[in-house]
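A.B. asks: Predicted structure and sequence below. I'll ask about it afterward.
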Amino acid sequence: NSSSQLSSLPLQILLYVNGIYYIFYFLATLAMIIYKSQVFSYPDDLLAPDLAVLFLMAILEVPRSYLGFKGNLTEAEVPLGLSLGLTVGSVVLCVYLLLWQTYVLWADVLLNALLLSTYGLESGLKVTAIAAFVS
């Protein structure tokens, strides 16, 4: 049994930064959906799914972040693995907002591309941390 610390500092920092960025992302995306619904002829039957995806993503973000923090700090692969699984769901919703929401503005592309980048980096660090915990 080694006394070395296996938790990942870069992962912990990224989880923290991503948590702050996600709050900004959520508020900016919500504001843009409201803006688009006022400025463009937003079909009523398409406004609800776009908002639903954004709110579902926000709901997923809470356990995704919590399990990531917990798994990394306690050096436990199960919460980290669950967080990784939830990240896959978040990525799918993010891709929806990037490609398939009713109106996609350049700001949507920028916000979603940045979020997808952090999710990708975070996932790589989670896999690396899980490998360290298991070995």
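C.D. replies: Nice, thanks for sending it over.
A.B. asks: now the helices for this protein?
C.D. replies: Along the chain, counting by DSSP state H, helices occupy 9-39, 44-73, 77-95, 106-134.
A.B. asks: how about low-confidence regions in the chain?
C.D. replies: For the chain, the stretches flagged by pLDDT under 70 are 1-3.
A.B. asks: Contacts only, for the most centrally placed residue in it.
C.D. replies: The residue lying closest to the centre of the chain (CA atoms, centre = their mean) is residue 90, at 5.1 Å. If you count contacts by CB atoms under 8 Å, 6 or more residues apart in numbering, residue 90 has them with 57, 60, 61, 64, 119. (Glycine included, C-beta is placed from N, CA and C.)
A.B. asks: where's the first one relative to residue 6, distance?
C.D. replies: In other words, residue 57. 30 Å (CB to CB, to the nearest Å).
A.B. asks: Might one say that residue 130 is in contact with residue 84?
C.D. replies: Yes. Judged on CB atoms under 8 Å, residue 130 makes contact with residue 84 at a distance of 7.5 Å.
A.B. asks: Out of the contacts of residue 90, give me the one that has the most neighbours.
C.D. replies: residue 64 (26 neighbours; other CB atoms under 10 Å).
A.B. asks: dump the residue contacts of the residue nearest to residue 104 when sequence neighbours are not counted.
C.D. replies: Distances taken as CB to CB, 6 or more residues apart in numbering place residue 98 nearest to residue 104, at 7.0 Å, with adjacent residues excluded. Contact analysis of residue 98 by CB under 8 Å, 6+ apart lists 104, 108, 109, 112, 113, 116.
A.B. asks: Looking at these, which is nearest residue 11?
C.D. replies: Minimum distance to residue 11 across the contacts of residue 98 is 17.3 Å, recorded for residue 116 (CB to CB).
A.B. asks: any idea how far the closest one is from residue 95?
C.D. replies: Noted for residue 116: a distance of 7 Å to residue 95, by CB to CB.
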